[in-house]
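>>> the sequence and its predicted three-dimensional model are supplied below.
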Amino acid sequence: MRAEMAWVGAAVAATLVAAGCASRRSSVSENGIPPGALDAKTRLNSSPRHGEWAMIETGVGDSVRVWVVYPERRDKAPVVVVIHEIFGLTPWIRSVADQLAADGFIAIAPDLLTSKNLPGHPEDGPLSDQATAAIRTLDRSVVQRQLAAVARYGMALPAATQKYGVVGFCWGGTISFEHALHSPDLGAAVVYYGGTPGNASFTAVRAPVLGLYGGDDSRVNSTIPVADSGMRAAGKSYESHVFAGAGHGFLRAQSDSARGVPNSAASTEAWPLTIAFFRTHLGS
């Protein structure tokens with residue numbers, strides 16, 4: 001624990017300074033949605049918003065590193081926890097958090113691979129193959145405990161309201177749906193191309209769930225009917241949108257040469273739905 005906190009004090013100090021400097025630069029052109037993966041670092045380096053690293057203790061002897069981005073607003077803001085893909089906490093995920101802050105939310109992106117101590121600087125994210133291998137070894141109950149700790153941390157910030165939501169992508173999309181099954185305090189969950197958790201007891205869900213899927217993603221989309229019928233039978237709110245021609249990971253892969261137009265079109269439609277959903281259920 002002390003070693004992790006020392007890392008925050010030493011290695012992250014330069015990042016905090018850089019974030020403060022970035023807040024004084026003019027931003028790159030922003031079109032109201034997160035950038036694709038290729039443009040993520042440019043967006044982060046030019047963002048006018050304040051982002052910082054923190055280490056959150058979960059209360060049971062472990063901790064989670066997080067990237068926090070604050071909106072520029074006079075009043076308090078709801079919190080959105082951003083759950084990364086199988087690739088870990090990458091610059092792209094941090095750029096999603098930055099866009100959420102641009103839309104008025106305090107965005108917190110936890111590194112759920114913190115305990116794995118993967119090589120590389122947190123700003124760059126882990127190597128994809130190492131992250132993919134490590135993520136398969138995670139205990140999902142521990143992940144949910146850590147997400148609950150991150151949410152408590154967020155809502156305890158002086159600038160935060162007492163409402164939070166989650167949004168997850170790919171692996172993180174499934175985890176986002178699972179969080180709706182676990183957390184009685186959750187205000188809203190958004191699932192980007194994540195599968196419906198198997199053997200789910202939908203009666204435990206307290207929060208409304210929004211699912212956003214690519215039309216050419218049959219592996220994931222085959223689980224939508226389970227969510228739809230299960231949530232409906234339990235009297236819960238589940239809304240799904242399937243975007244024709246878009247592939248798995250469309251928000252990240254907006255410039256995918258194989259399906260750039262469908263992915264970009266899906267992203268342009270999906271993100272406003274995301275923000276409207278959070279504003280309806282968490283407050284604006």
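Everything's here; your move.
>>> show me where the chain has its strands.
Per DSSP state E, the chain carries strands over the ranges 50-57, 63-70, 77-83, 106-111, 160-169, 188-192, 209-214, 238-243.
>>> next, the angle from the fourth one to strand 77-83.
Yep, that's strand 106-111 we're talking about. Angle, strand 106-111 to strand 77-83, by axes from the mean of the first three to the mean of the last three Cα atoms, to 10 degrees: 20 degrees.
>>> quick one: average confidence on stretch 65-75?
Computed over stretch 65-75, the mean pLDDT rounds to 97.
>>> returning to what we had before: quick one: closest of the strands of the chain to Pro119.
Across those, Pro119 has its closest neighbour in strand 106-111 (13.6 Å, Cβ to Cβ). Using the backbone N, CA and C atoms, a C-beta is placed for each residue, glycine as well.
>>> tell me the mean pLDDT for that closest one?
On average, strand 106-111 scores 98.
>>> pairing partners for it, with directions?
strand 63-70 (antiparallel), strand 77-83 (parallel) (DSSP bridges).
>>> how about the last one: buried residues?
Counting neighbours by 16 or more other Cβ atoms under 10 Å, one finds that the buried residues in strand 77-83 are Ala77, Pro78, Val79, Val80, Val81, Val82, Ile83.
>>> what's next to it, contact-wise?
By Cβ atoms under 8 Å, 6 or more residues apart in numbering, the residues outside strand 77-83 that reach it are 70-71, 93, 96-97, 100, 104-110, 112, 147, 150-151, 154-155, 157, 159-161, 163-169, 172-173, 175-176, 179, 187, 278, 282-283.
>>> show the buried residues in the residues you listed.
Buried among the contacts of strand 77-83 (16+ other Cβ under 10 Å): 70-71, 93, 96-97, 100, 104-110, 112, 147, 150-151, 154-155, 157, 160-161, 163-169, 172-173, 175-176, 179, 187, 278, 282.
>>> ok, Ala246 - contacts?
Going by Cβ under 8 Å, 6+ apart, Ala246 touches Gly214, Gly215, Asp216, Asp217, Arg259, Pro262, Asn263, Ala265, Ala266.
>>> from these, which is closest to Asp124?
Scanning these for proximity to Asp124, where the rule is Cβ to Cβ, the winner is Asn263, at 23.9 Å.
>>> quick one on the thing from earlier: which of the contacts of Ala246 scores worst on pLDDT?
In terms of pLDDT, the lowest of those is Arg259, showing 83.
>>> what's the local residue count around it?
19 (other Cβ atoms under 10 Å).
>>> repeat for Gly249
Gly249: 19 neighbours (other Cβ under 10 Å).
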